[in-house]
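A.B. asks: have a look at this fold, sequence not included:
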């Protein structure tokens, strides 16, 4: 029996999600001697993109997670020598999160990875017609809703 188009799409999507999860769970080094999880390098990315401006509270709000989650990841990054906290010169009751030299190395290596290893996706998406972009956005919104419903 030949699989239907819908079955083929479902199987392909399942394989893509499985690969994405595997990539997400595989720590990698970004120009340093430290292996970084996806959560760690993406926190480095946010801190590096907002150097000298964000506190733990700001980071939690930006990422939609708890301050505790940010603090735990920052502790790991501090232990690995990638981030550090400095007193906020404008508010002595808060600390600003910054990158160390090693953290900046990881930040720029990660950015370079995105710029060079995207497999042409950036160009592909920039050249899509708006109706195709709208379709993909709607599909992803519905899939996200579906997954959230399963988890609740």
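C.D. replies: The structure has been received and is ready for your questions. Quick caveat, the model's predicted, so the values are computed rather than measured.
A.B. asks: in the chain, where's the longest strand?
C.D. replies: Residue-count comparison of every strand in the chain, with assignments taken from DSSP state E, identifies strand 91-99 as the longest.
A.B. asks: in the next helix or strand along the chain from it, what counts as buried?
C.D. replies: Past strand 91-99, heading to the C-terminal end, the next element that is a helix or strand (DSSP states H and E) is helix 101-116. For helix 101-116, the buried set under the neighbour-count rule, 16 or more other Cβ atoms under 10 Å, comprises 102-107, 109-110. From N, CA and C alone the C-beta is placed, and that goes for glycine too.
A.B. asks: show me what helix 101-116 is packed against.
C.D. replies: Other elements packing on helix 101-116 under the criterion 3 or more Cβ pairs under 8 Å, 6 or more residues apart in numbering; DSSP states H and E are helix 38-49.
A.B. asks: which residues in this structure form helices?
C.D. replies: With DSSP state H as the definition, the chain shows helices at residue ranges 5-25, 38-49, 56-63, 67-79, 101-116, 121-126, 130-151.
A.B. asks: lowest mean pLDDT across these, which one is that?
C.D. replies: Ranked by mean pLDDT, these end with helix 121-126 in last place, scoring a mean of 83.
A.B. asks: how far off centre is that one?
C.D. replies: 19 Å (Cα atoms, centre = their mean, to the nearest Å).
A.B. asks: can you spell out which helices and strands pack onto it?
C.D. replies: Secondary-structure packing of helix 121-126 (3+ Cβ pairs under 8 Å, 6+ apart): no helix or strand packs against it.
A.B. asks: could you chop this structure up by domain?
C.D. replies: 29-117, 120-152 (automatic domain parsing).
A.B. asks: which of the ones you listed is buried the deepest?
C.D. replies: Of all the domains of the chain, domain 29-117 has the most neighbours on average by mean count of other Cβ atoms under 10 Å, namely a mean of 16.
A.B. asks: so who does the nearest residue to residue 71 once chain neighbours are set aside touch?
C.D. replies: Using Cβ to Cβ, 6 or more residues apart in numbering and skipping the chain neighbours, the partner closest in space to residue 71 is residue 56 (5.9 Å). The contact partners of residue 56, by Cβ atoms under 8 Å, 6 or more residues apart in numbering, come to 67, 70-71, 74, 95, 97.
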